[in-house]
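A.B. asks: one predicted model, sequence on top.
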Amino acid sequence: MKELWKASARNSFSANVLNADMDCDVAVIGGGYTGCSTALHGAELGLDVTLLEASTLGAGCSGRNSGNLNPGLWLTKEEICARLGENSGNKLNSLLSNGPTEVRKLVEKHNIDCEFNASGTFHCARDGRGLSELQARAESQRLQGMDVQVLGADETKRHLGTEYFQSCLWNRDAASIQPLAYLRGLAQAATRHGARIFENSPATKIERSGTQWLVHTPRGTLTAQALVVATDAYHRDTRFGSINPMWRLWYFNCATDPLSKDYDHILPSRQGCWDTGRVMTSFTRDVDGRFIIGSVGKLDSILSGIHLRWLKRRSIELFPELGPVPLEFSWHGSMGMTPDQLPRLVDLGPRAIGSYGYSGRGIAPGTMFGQAIANYLHTDDPDMLPLKLSQTRYSVLKKFREPFYEMGALAWHLIGARSTGAAL
């Protein structure tokens, strides 16, 4: 697969392999948004931080998502408070509702070239059922102080350039971003402040030795006073135990080459969009004018052609003038999903914490959680954390959920492709 974000990122990052034994204050496992944010903010606080990435930065969903930078979670303010309690729910809502603003501050502070687009996002509805969902979400978001507006058919067409949707929810506090470029910018800032980052250095075993944590890799051992496991859906067996009663949901994207000016009416302000469909479709255009469209599914199986046939037909359904435009880029990633769609902070032992389960909203929450974890390790004050620490537990159902959702997406896309006569 030819991945757009790797091809279009205007910055780069590379790091060596850990090939010696080292000591540090904080060992961070996982080079996504949470890990790199922890490393950056920890280093800024004066902590000696070392981050280990099993592959390369952005090899997980932090470098493979759609680039939508939304405030909050998928859940409404009321749903979060109902599940966490009023006090804990309001604390989490308050933190995450400012997520895009805080990301923008980091982008400006560290001069990260990541195509930050502050013109908002659009949540789109085809029918009355979808409109009802948008209206409920708008009311919840207004209660959190967000600048939102539900648009009718004419305004929706003007902003999106399509007659397909009858309404949309415009959240002006949201944004979009080149996700891999942003991640690399966090890593570059972290190293400038003294953090050490090693790529292709998987943690193969983690153990407690006296008052220290030992993180073994194939070519060296890291000894740390504190441990952060920020691997989310890409968690690997380290003979340390499972941290995650979650499952992976796969999401894929495809993109064209830059479109000509004849298509400038399609998303003229380049906002990120997604719909209220049973199986979601997302679409946007990047700063160079490429059209990007995605949905639930993975592209590395013998059935992936079903997803691609549906996606080509879906592109024309939304924007008929595109015609059979070639999709030159394709990629997929997996996100960590929890049963209640709430993220987790897990107590892994003395001064050890795990973070996972952003359920498709990882850019801003991952950044904010990383900052909170760094503050917690610096002060040992649990009030610095946005959630109470929970205990590890194993979910028997998670091994069944992943194939269930993939087969459901395949069935939905197969029906959609056949009903419209889609062909490769």
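C.D. replies: Yes, it's here.
A.B. asks: CA atoms for contacts and neighbours, from now on please.
C.D. replies: Will do.
A.B. asks: which parts of the helix or strand where A27 lies are buried?
C.D. replies: Using DSSP states H and E, A27 sits within strand 22-29. Across strand 22-29, burial judged by 16 or more other CA atoms under 10 Å covers D23, C24, D25, V26, A27, V28, I29.
A.B. asks: and which of the residues you listed is nearest to T223?
C.D. replies: D23 (4.7 Å; CA to CA).
A.B. asks: what are the bridge partners for that closest one, then?
C.D. replies: T223 (DSSP bridges).
A.B. asks: contact partners for it?
C.D. replies: For D23, the contact set (CA atoms under 8 Å, 6 or more residues apart in numbering) comprises L222, T223, A224.
A.B. asks: with M280 instead?
C.D. replies: Counted by CA under 8 Å, 6+ apart, M280 has contacts W274, S295, V296.
A.B. asks: same thing but at 10 Å, please
C.D. replies: Y251, W274, G294, S295, V296, A409 (CA atoms under 10 Å, 6 or more residues apart in numbering).
A.B. asks: so which of those residues are in helices?
C.D. replies: Among these, the ones falling in helices (DSSP state H) are A409.
A.B. asks: greatest separation within the contacts of M280: which pair is it?
C.D. replies: W274 and A409 (16.0 Å).
A.B. asks: looking at the two, which is more packed in?
C.D. replies: Set W274 next to A409 and count neighbours by other CA atoms under 10 Å: A409 wins out with 23 against 20.
A.B. asks: go ahead and confirm the more buried one touches G277.
C.D. replies: No. Applying CA atoms under 10 Å as the test, A409 and G277 come out as separate, 11.7 Å apart.
A.B. asks: pLDDT (mean, whole number) over stretch 313-325?
C.D. replies: Across stretch 313-325, the average pLDDT comes to 93.
A.B. asks: how long is it from one end to the other?
C.D. replies: 11 Å (CA to CA, to the nearest Å).
A.B. asks: got the buried residues for that stretch?
C.D. replies: Per 16+ other CA under 10 Å, stretch 313-325 contains these buried residues: R313, R314, S315, E317, L318, F319, L322.
A.B. asks: poorly predicted segments of the protein, please.
C.D. replies: 239, 241-245, 391-406, 416-424 (pLDDT under 70).
A.B. asks: quick one: the helices in it?
C.D. replies: 4-8, 33-44, 77-84, 86-97, 99-109, 128-143, 153-160, 179-192, 304-318, 363-379, 398-420.
A.B. asks: would you reformat those helices as JSON lines and include distance to S167?
C.D. replies: Listed next are these as JSON lines, based on distance: least, CA to CA, whole Å:
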{"stretch": "helix 4-8", "distance to S167": "29"}
{"stretch": "helix 33-44", "distance to S167": "32"}
{"stretch": "helix 77-84", "distance to S167": "22"}
{"stretch": "helix 86-97", "distance to S167": "23"}
{"stretch": "helix 99-109", "distance to S167": "24"}
{"stretch": "helix 128-143", "distance to S167": "6"}
{"stretch": "helix 153-160", "distance to S167": "5"}
{"stretch": "helix 179-192", "distance to S167": "27"}
{"stretch": "helix 304-318", "distance to S167": "14"}
{"stretch": "helix 363-379", "distance to S167": "26"}
{"stretch": "helix 398-420", "distance to S167": "22"}
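A.B. asks: so which of these is nearest S390?
C.D. replies: Closest among the helices of the chain, using CA to CA: helix 77-84, at 12.2 Å.
A.B. asks: name the helices or strands packed onto the closest one?
C.D. replies: The contact analysis (3 or more CA pairs under 10 Å, 6 or more residues apart in numbering; DSSP states H and E) places helix 77-84 against helix 86-97, helix 128-143.
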